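In: Generate coordinates for the sequence data below:
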Amino acid sequence: MAATNQEPPSPSDAPPPIRVWACGGDGLLRTAGVDELGALVADPSVRLWVDCSSAPADGVASVAAALGLHPLIAEDIVERNQRAKIETFDAVVHIVLFFLRHQGEVTTTEIDIVLGRRFLLTVHDSDWDAAASAPLRLGLEAVLKRGTDYLLWALSDAIVDAYFPVLDRLADEIDQLQDDVMASASEWTLQRLFTLKRELLNIRRAVSPAREIFNQLTNRELGAIDAAHIVYFRDVYDHLIRVSDELDNYRELVAGTLDIYLSIVNNNLSQIMKRLTGVTVILAGIGAIAGIFGMSEAGAAFSGGEAAGFWLVALGTVAIAVGAGLVLRRIDWI
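Out: Predicted structure coming up:
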């Protein structure tokens, strides 16, 4: 096997849809073609990583066949739209994780990972570049030499660590929304609150099952995981517990902010109703007096021919209205 000691391409390059890296018994890394997979899988000294990024379905199916995957695994990978899960078939482990990205709103990218004793297969959309993951920037050769299970940890650790910047962005949005609600409970604020609730629900649906995945990866029943590497997966499990706790806190904050919004709206409505009631009291008093004395002599009053009693009643009505207004103002009804 000729060694070229080649590193994965940078994310700025346009990678091919299917990339194959092989680490032989000499510990050197080289890239290979899909047509070489059969021979590489048959070589017991070779460790493989096959990365399919937005690859066509027939290409993914051919890779699955070359790796000798169970038909159910191949079918799930090709069909996509899976939930986060872990399934084992003999010595092969199929894992589904989700990568989170915040671009105005939170989006999820499904990542299918298949771990064998000497190979690792990753299938995903081009939204996520596996080769640009943080641990791999230090050198894929050093990672792959330690085993495909160690490569699985490196990728999954990068996926889970990417959750925290997204959660930080959501925390900032929640803080801003709380300030906006206290300043002005507008309809836009309500729409953003519901959007945040939906985003948090989608994140929880994508992330929460991952705790069970890594709980199973940390037990010693999976032959594909080296016992010396279990501690690394336990570290990822601890990170996921923290992610779940933060998600629960954010959901409570959003629910609390929504309750505050509704309280402010109800309080504003109560204030409006009190003011309308106060105005009604004043106008009803004026209307009652006017109804008792009648308005048939209004024309004579405007021409100056009305008796002094009319003006006394009119001034008394105005005084009563002003007095009622002052009282209602003091009790904050107008």
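In: Report the rounded mean pLDDT for stretch 116-134.
Out: The average of the pLDDT scores along stretch 116-134 is 82.
In: Begin at 36, not 1, for the rest of this chat.
Out: That works, and once the first residue is 36, the last one we named lands at stretch 151-169.
In: Distance from the chain centre to that stretch, please.
Out: Relative to its chain's centre, stretch 151-169 lies at 22 Å (Cα atoms, centre = their mean, to the nearest Å).
In: Can you mark which positions in it are buried?
Out: Counting neighbours by 16 or more other Cβ atoms under 10 Å, one finds that the buried residues in stretch 151-169 are 151, 153-159, 163-166, 168. From N, CA and C alone the C-beta is placed, and that goes for glycine too.
In: And stretch 225-244, by the same measure?
Out: Here stretch 225-244 shows 225, 227-228, 231-232, 234-235, 237-239, 241-242, 244 as buried, counting by 16+ other Cβ under 10 Å.
In: so where do the helices sit in this protein?
Out: 72-77, 92-102, 106-114, 169-172, 175-180, 183-196, 198-218, 222-252, 265-328, 333-337, 343-365 (DSSP state H).
In: Could you report the neighbour count for residue 318?
Out: 12 (other Cβ atoms under 10 Å).
In: low-scoring pLDDT stretches of this protein, where are they?
Out: 36-50, 166-173, 255, 321, 323-346, 363, 366, 368-369 (pLDDT under 70).
In: go again using 80 as the cut-off
Out: 36-50, 60-63, 116, 125, 164-174, 218-222, 254-259, 300-353, 355-356, 358-369 (pLDDT under 80).
In: From one end of stretch 254-263 to the other, what's the distance?
Out: Using Cα to Cα, to the nearest Å, one end of stretch 254-263 lies 12 Å from the other.
In: Return the set of buried residues in that stretch.
Out: For stretch 254-263, by 16+ other Cβ under 10 Å, it's 257, 259-260.
In: circling back: pick out the most distant pair among the buried residues of stretch 225-244.
Out: Based on Cβ to Cβ, the longest span within those runs between 225 and 244 and measures 30.5 Å.
In: got CSV for the buried residues of stretch 254-263, with distance to residue 188 too?
Out: Compiled in CSV, those are given as follows (distance: Cβ to Cβ, whole Å):
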residue, distance to residue 188
257, 13
259, 12
260, 9
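In: Done for today, thanks.
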